[in-house]
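> Sharing a model prediction with you, sequence too.
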Amino acid sequence: MMDGQGIFTNNSGIKTVGEFRKSKPWVVKKYDKSGIIEAEWFQGVKSKKVGNELGLLYLKNVNSKFGWFENGNANKDWTYVGEIKNGKPNGNGVLRTTFGKYSGEFKNGMMDGKGTFTNNSGIKTVGEFRKSKPWNVKNYDKSGKIEPEWIKGVKSKKEKVPPPELKEFSEKWTYKIGFRLISGNTFAIPNTSNNSLSLSWENYGLGFNQMSFNDITSSNNVLEMENSSIDLSYKIGEKWILIAGTGYVYGGKGSITSGSSAVNYETESVSGFGLFGLFGVVWEDIEGLIGLRYYNINYTDFNSTNSSEVFSLGKPYSIVSAQLIFGLGYSF
């Protein structure tokens, strides 16, 4: 058998150059008659597209979090050989685990596309996977008899329980994190601005919102208010999503300048809350969002900034309204 470094040239003049093992391409490149590369193999795995990065990665648990690394222990960690994008399996590849092997397509570090998973007992799961879960697949025992079957992610009621090894792999990769940017602005008087950044884990979100409010009253008093809040949210849905959340105001400041006396009053005593809801659609892990934010904010204990004599403003000032908001999110 061809085993080692060599060059195979067929009758058409196409050359396959590199290392062979047991008469199969191992680490080789295939050239057409004009010398242009038309195919590549790395450790027996063929690239879907010439020029894609090929390499070896290890799946390890570091600080209670699974991730892909270039260095690892092949006897302990899961190993991946194939196409890579942004440091994760992406494209054609082979994943070897402690309980079996998956050969097929990957996307963003997960089994995604056509492939075959074979466990150590010889049971095969063949078909289409999505985010490391069976989508349109069939299970075959060692004799080739069909066992469980999935159609669009739903297992037939007549089938047996899916292999625990495959379930374990999918559970490691269903936890998704991401972020959302949400903003709302009114450009007329009064002018209100709400801008927030939140981090998401699965369906939960934690973020910070910054609000500003500017107005000139009928008596020419100038109002300048700011506040910051912590937002908590929850998402339902996958393709079409709904997000509901609440915000707790933890700080801010306000300023009122009298139009008649030009005396400026300031405060840092701010309290209140916000409620918001968003509707959106998800495309390739990107969220497009639109919704409404309601806020009820109270500013109290206004004192003048006059250095010679301090006056207090007798009444508090409240902002109660709602605003249209827009957002973008990304999960990875």
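Sure thing, it's come through.

> which regions of the stretch 51-200 of the chain lie under the pLDDT threshold?
157-175 (pLDDT under 70).

> Kindly state the beta-bridge partners for residue 55.
The partner list for residue 55 in beta bridges (DSSP bridges) reads residue 82.

> neighbours of it, just the number please.
15 (other Cβ atoms under 10 Å). (Glycine included, C-beta is placed from N, CA and C.)

> That one is in contact with residue 45, isn't it?
No - counting by Cβ atoms under 8 Å, residue 55 stays clear of residue 45, with 10.1 Å between them.

> And residue 253, how close does it get to residue 276?
23 Å (Cβ to Cβ, to the nearest Å).

> Just want to know which of the two has more residues nearby.
Neighbours per residue, other Cβ under 10 Å: of residue 253 and residue 276, the larger number sits with residue 276, 25 against 15.

> and the more buried one, helix, strand or coil?
Look at residue 276: counting by DSSP: H, G, I helix; E, B strand; the rest coil, its state is strand.

> What helix or strand is the nearest residue to it once chain neighbours are set aside located in?
Nearest residue to residue 276, sequence neighbours excluded (Cβ to Cβ, 6 or more residues apart in numbering): residue 293, at 4.1 Å. If you go by DSSP states H and E, residue 293 is part of strand 286-300.

> Leaving out chain neighbours, which residue sits closest to residue 323?
residue 184 (4.6 Å).

> Residue ranges of each domain in the protein, please.
1-42, 43-172, 177-331 (automatic domain parsing).

> about what we covered before: and the strand holding residue 293, which strands flank it?
As assigned by DSSP bridges, strand 286-300 forms pairs with strand 269-283 (antiparallel), strand 317-331 (antiparallel).

> Buried residues in it, which are they?
By 16 or more other Cβ atoms under 10 Å, the buried positions in strand 286-300 come out as 287, 289, 291, 293, 295, 297, 298, 299.

> C-terminal to it, which secondary structure element comes first?
Once the chain leaves strand 286-300, the next helix or strand it forms, by DSSP H and E, is strand 303-304.

> Can you give the strand pairings for the lengthiest strand in the chain, parallel or anti for each?
Identified as the longest strand of the chain according to DSSP state E is strand 240-257. Paired neighbours of strand 240-257 in the sheet (DSSP bridges): strand 222-236 (antiparallel), strand 264-267 (antiparallel), strand 269-283 (antiparallel).

> quick one: that strand to chain centroid distance?
Distance of strand 240-257 from the chain centroid (Cα atoms, centre = their mean, to the nearest Å) equals 24 Å.

> circling back to that earlier point, could you name every residue contacting both of residue 55 and residue 45?
The contact sets of residue 55 and residue 45 overlap at residue 81 (Cβ atoms under 8 Å, 6 or more residues apart in numbering).

> Assess the claim that residue 126 and residue 116 are in contact.
Yes - look at residue 126 against residue 116 with Cβ under 8 Å: they come within range, at 4.9 Å.

> Can you tell me the SS state at residue 98?
Per three-state DSSP, the local secondary structure of residue 98 is coil.

> From residue 53, how far off is it?
Applying Cβ to Cβ, the value for residue 98 to residue 53 is 26 Å.

> Counting neighbours, go ahead and name the busier of these two.
Using other Cβ under 10 Å as the criterion, residue 98 and residue 53 rank with residue 53 on top: 14 against 11.

> Not counting sequence-adjacent ones, nearest residue to that one?
Nearest residue to residue 53, sequence neighbours excluded (Cβ to Cβ, 6+ apart): residue 84, at 4.6 Å.

> Which strands and helices lie in contact with the host helix or strand of residue 92?
In this assignment (DSSP H and E), residue 92 forms part of strand 88-96. For strand 88-96, the packing partners by 3 or more Cβ pairs under 8 Å, 6 or more residues apart in numbering; DSSP states H and E come out as strand 45-46, strand 53-62, strand 78-85, strand 100-107.

> Okay, now the sheet partners of the first one, with direction.
Which is strand 45-46. Strand 45-46 has the following strand partners under DSSP bridges: strand 37-42 (antiparallel).

> CA-only coordinates of the partner strand in PDB, if you can.
Provided in PDB are the C-alpha atoms of strand 37-42 (Å, rounded to 0.1, in the frame of the first residue of the first chain):
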ATOM      1  CA  ILE A  37      -4.700  23.400  -6.000                       C
ATOM      2  CA  GLU A  38      -8.100  21.900  -6.300                       C
ATOM      3  CA  ALA A  39      -8.400  19.800  -3.100                       C
ATOM      4  CA  GLU A  40      -6.700  19.500   0.300                       C
ATOM      5  CA  TRP A  41      -6.600  16.800   3.000                       C
ATOM      6  CA  PHE A  42      -5.400  17.200   6.600                       C
END
